[in-house]
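>>> starting from these lines, generate the structure:
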Amino acid sequence: MPSDSFRPIVYVRGYAMTQSEVEDTVDDPFYGFNQGATHYRINQDGHATFFAFESPILRLVTDYGYSDAFLGSRQTAEGVTESQRTVWIFRFYDETSRTFEDGRPRGRRLTIEEAAKSLYEFILHVQTETGCDRVYLVAHSMGGLVCRCLTEKIIPDNGGQSSQLIDKFVTFGTPHGGIEFEVGHGVLERARDWLGIADSDNFGRQRMYEFLTPGTRATASPPARFDPRSANAFPNERTLCIVGTNARDYEVAYGLSRFSVGPQSDGLVQIENAYLYGAHQAFIHRCHSGRFGMVNSEEGYQNLRRFLFGDVQAKATLTDFNLPFDPLTHGGRDKAYHFEVEIGIKSLPMLLHQRTLNHFCPITLNRQNVGMHRVLPLFTNFLLDGKMPGHREVFSIYIAVHEHEYVNGYPVVAGHMARLPLWSDYLIVEIERQPLGADLTYAAKYSWASLNRSPDTPMPLILLDGGSRADADVPVPERAYAALGPTAKVHLETRDWN
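The predicted structure is shown next:
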């Protein structure tokens with residue numbers, strides 16, 4: 001991997017609500033980025049078993065030669081051989097701690113705007129120390145909102161462009177759309193935003209509008225069209241949102257949190273609020289934090305490393321499909337189609353991406369939105385060492401199509417067979433980088449697992465953009481025609497990345 005693929009990593013942690021949580025946070029030099037895990041639900045019965053994930057920072061050290069930037073009382077690249085391979089921790093809760101006795105103000109919470117301004121200065125410090133023009137920004141939970149305040153308000157208000165400071169942006173479980181509750185009919189949200197205890201109103205619509213909108217004065221009311229999941233100040237193509245789908249294992253507040261936000265969540269942030277429109281997304285069966293948290297997980301780390309250090313982007317979409325929607329009959333019955341998608345990489349023991357009915361996050365197409373999705377995004381994978389001649393990567397895309405009828409929004413149970421798809425199959429793809437000087441940049445093969453578990457059919461590639469991009473279409477097998485139509489295909493697009 002070329003050395004110019006590496007940049008300093010700046011980590012921004014999430015929300016610490018109580019003073020005790022603040023003190024626990026500041027007692028850790030790495031603000032939790034050194035937290036590992038030993039539990040994983042990999043068995044068929046879903047029971048937890050031992051699986052060691054050492055921690056994101058340790059894996060960055062052992063896999064890529066990164067080092068921390070701490071030198072006693074400061075963070076610096078002094079004495080570091082490769083300053084671009086350093087991890088920097090944005091310690092914004094130090095101001096809130098009451099344990100330091102060095103003359104700094106104690107016990108005061110920074111607003112999101114103040115934290116973002118401090119992050120701006122911190123990144124400038126990293127630039128000066130390392131000589132790198134841009135950084136990788138990695139954030140968990142509310143830390144992602146601090147980063148977005150930086151990119152969408154602070155930098156524009158200072159006349160700059162976010163892409164001049166930041167190369168890539170990764171969020172884990174960030175409430176991009178705020179935090180909403182499944183219970184209370186909006187009363188809990190209004191009470192939280194009115195009281196603002198420990199700045200919890202940061203997750204409400206009013207405050208989000210204030211700290212995400214450049215030039216906005218305090219208390220300005222958000223317009224009806226405001227959607228905090230829309231972001232344009234930093235390129236969405238350079239953003240990855242890692243979304244947790246495991247509410248069950250989130251034990252904070254004795255399970256009250258997961259009960260309040262509902263099962264379609266990571267236990268704290270609802271799934272639909274955990275990503276930005278247009279950004280890359282990876283859905284992993286992990287909860288917001290804790291024993292089964294997403295930052296301290298192999299799945300989270302694999303998505304992080306591939307996005308930051310991968311050199312080939314492989315994007316898969318379903319195209320030219322036809323879903324029949326019969327006229328409304330039987331007292332107003334309507335139907336919806338639920339697509340399940342899972343992505344596996346050969347030699348990895350877990351999935352990179354899971355959108356399933358069991359995890360309450362399939363891709364749903366109905367009569368109203370099907371016209372907007374004639375091309376259905378499945379997943380974008382980033383290949384490690386994909387430009388290395390002879391490098392081969394094998395990955396699988398599981399696709400299942402389920403049909404369900406509804407009356408007035410409620411599912412029809414009579415005659416329905418739960419979990420029985422109209423069609424399902426695995427597309428197995430093998431991509432190999434060809435030697436320098438070869439006619440083709442890549443060679444690829446595929447198979448549908450229902451026909452052959454090993455890729456055996458050559459995939460005709462169309463070279464574009466001077467050979468840096470290769471596209472191919474894979475027709476669905478005949479047994480999928482009844483569900484998707486005979487013209488349906490999976491479109492694969494590979495291009496240089498980084």
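>>> which elements pack onto the helix or strand of the chain with the lowest mean pLDDT?
Across the helices and strands of the chain, mean confidence by mean pLDDT, DSSP states H and E is lowest for strand 410-411: a mean of 83. Strand 410-411 sits against no helix or strand, with contacts defined as 3 or more CB pairs under 8 Å, 6 or more residues apart in numbering; DSSP states H and E. From N, CA and C alone the C-beta is placed, and that goes for glycine too.
>>> ok, the residue nearest to the spatial centre of the chain - contacts?
For the chain, the residue nearest the mean C-alpha position is Ile242 (1.8 Å; CA atoms, centre = their mean). Taking CB atoms under 8 Å, 6 or more residues apart in numbering, we find Ile242 in contact with 170-173, 281-282, 284, 294, 300, 303-304.
>>> do Thr99 as well
Applying CB under 8 Å, 6+ apart, the residues contacting Thr99 are 23, 26.
>>> do Val138 as well
With contact set as CB under 8 Å, 6+ apart, Val138 has these partners: 9-12, 170, 172, 304.
>>> and which of those residues is nearest Ser141?
Set against Ser141, the nearest of the contacts of Val138 by CB to CB is Phe172 (7.1 Å).
>>> relative to Ala231, how far out is that closest one?
17 Å (CB to CB, to the nearest Å).
>>> re the thing from before, what's the offset of the least confident helix or strand of the chain from the middle of its chain?
Here strand 410-411 is found 30 Å from its chain centre; the criterion is CA atoms, centre = their mean, to the nearest Å.
>>> partner strands of it and their direction?
strand 392-407 (antiparallel) (DSSP bridges).
>>> for the stretch 151-300 of the chain, which segments count as strands?
For the stretch 151-300 of the chain, applying DSSP state E, counting those that start in this stretch gives strands covering 166-172, 239-244, 280-284.
>>> circling back to that earlier point, and the contacts of Ile242 as CSV, adding neighbour count?
Shown next, in CSV, are the contacts of Ile242 (neighbours: other CB atoms under 10 Å):
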residue, neighbour count
Val170, 27
Thr171, 27
Phe172, 33
Gly173, 31
Gln281, 19
Ala282, 28
Ile284, 26
Met294, 29
Gly300, 24
Asn303, 27
Leu304, 24
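>>> correct me, but Arg419 touches Pro362?
No. Arg419 is not in contact with Pro362 according to CB atoms under 8 Å; the separation is 11.6 Å.
>>> what is the neighbour count of Ser20?
9 (other CB atoms under 10 Å).
>>> for it, grab phi and psi.
phi -60, psi -40 (degrees, to the nearest 10).
>>> from Asn202, how far off is it?
Ser20 is 19 Å from Asn202, by CB to CB.
>>> likewise Met459?
48 Å.
>>> overlap of the contact sets of Arg419 and Pro362?
His402.
>>> pull the number of nearby residues for Arg453.
If we define neighbours as other CB under 10 Å, then Arg453 has 12 of them.
>>> circling back: now the contacts of Ile242 as JSON lines including pLDDT and distance to Leu357?
Converted to JSON lines, these look like this (pLDDT from 0 to 100; distance: CB to CB, whole Å):
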{"residue": "Val170", "pLDDT": "98", "distance to Leu357": "27"}
{"residue": "Thr171", "pLDDT": "98", "distance to Leu357": "25"}
{"residue": "Phe172", "pLDDT": "98", "distance to Leu357": "24"}
{"residue": "Gly173", "pLDDT": "98", "distance to Leu357": "21"}
{"residue": "Gln281", "pLDDT": "98", "distance to Leu357": "18"}
{"residue": "Ala282", "pLDDT": "98", "distance to Leu357": "18"}
{"residue": "Ile284", "pLDDT": "97", "distance to Leu357": "16"}
{"residue": "Met294", "pLDDT": "97", "distance to Leu357": "21"}
{"residue": "Gly300", "pLDDT": "98", "distance to Leu357": "22"}
{"residue": "Asn303", "pLDDT": "98", "distance to Leu357": "22"}
{"residue": "Leu304", "pLDDT": "98", "distance to Leu357": "27"}
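>>> next, format the residues you listed as CSV and append distance to Phe90.
Converted to CSV, those look like this (distance: CB to CB, whole Å):
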residue, distance to Phe90
Val170, 14
Thr171, 14
Phe172, 15
Gly173, 17
Gln281, 24
Ala282, 23
Ile284, 24
Met294, 19
Gly300, 19
Asn303, 21
Leu304, 17
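>>> for the closest residue to Gly267 other than its chain neighbours, what are its contacts?
Nearest residue to Gly267 in three dimensions, chain neighbours excluded: Tyr250, at 2.3 Å (CB to CB, 6 or more residues apart in numbering). Taking CB under 8 Å, 6+ apart, we find Tyr250 in contact with 257-258, 266-268, 287-290, 292.
>>> most neighbours among those residues, which one?
Asp266 (32 neighbours).
>>> how much space between that one and Ala37?
Taken as CB to CB, the span from Asp266 to Ala37 is 15 Å.
>>> how close does the nearest residue to Leu188 once chain neighbours are set aside get to Arg258?
Closest residue to Leu188 apart from its sequence neighbours, by CB to CB, 6+ apart: Phe181 at 4.6 Å. Note on Phe181: its distance to Arg258, by CB to CB, is 11 Å.
>>> same question, Val375
With distances taken as CB to CB, Val375 is found 34 Å from Arg258.
>>> okay, and which of the contacts of Val138 map to helices?
Of these, the ones assigned to helices by DSSP state H are Leu304.
>>> returning to that earlier point: quick one: closest of the strands of the stretch 151-300 of the chain to Leu436.
strand 166-172 (26.9 Å).
>>> so what strands line up beside the closest one?
Applying DSSP bridges, one finds strand 166-172 paired with strand 135-140 (parallel), strand 239-244 (parallel).
>>> adding mean pLDDT and distance to Phe382, write those out as TSV.
Conversion of the strands paired with strand 166-172 to TSV gives the following (pLDDT from 0 to 100; distance: least, CB to CB, whole Å):
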stretch	mean pLDDT	distance to Phe382
strand 135-140	98	13
strand 239-244	98	9
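>>> want to throw these into JSON lines with distance to Glu189?
Formatted as JSON lines, the strands paired with strand 166-172 follow (distance: least, CB to CB, whole Å):
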{"stretch": "strand 135-140", "distance to Glu189": "22"}
{"stretch": "strand 239-244", "distance to Glu189": "21"}
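>>> next, Glu78: secondary structure please.
For Glu78, the assignment made with DSSP: H, G, I helix; E, B strand; the rest coil gives coil.
>>> that one - how many residues pack around it?
Using other CB under 10 Å, Glu78 is surrounded by 10 other residues.
>>> so who does it touch?
For Glu78, the contacting residues are 71, 129, by CB under 8 Å, 6+ apart.
>>> which regions of the stretch 201-350 of the chain sit below the pLDDT cut-off?
217-219, 327-333 (pLDDT under 70).
>>> show me where the chain has its helices.
With DSSP H as the criterion, the chain has helices spanning 19-26, 56-64, 112-130, 142-149, 155-157, 187-195, 205-212, 256-261, 298-309, 481-484.
>>> most neighbours per residue, which of the ones you listed?
helix 142-149 (a mean of 27; mean count of other CB atoms under 10 Å).
>>> and that one, how far out from the chain middle?
Here helix 142-149 is found 14 Å from its chain centre; the criterion is CA atoms, centre = their mean.
>>> export only the CA atoms of it, formatted as CSV.
Below are the C-alpha coordinates for helix 142-149, written out as CSV (Å, rounded to 0.1, in the frame of the first residue of the first chain):
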residue,chain,number,x,y,z
MET,A,142,-22.5,12.8,19.4
GLY,A,143,-18.9,13.2,18.3
GLY,A,144,-20.2,12.9,14.8
LEU,A,145,-22.4,15.9,15.4
VAL,A,146,-19.4,17.9,16.7
CYS,A,147,-17.6,17.0,13.5
ARG,A,148,-20.6,18.0,11.4
CYS,A,149,-20.9,21.3,13.2
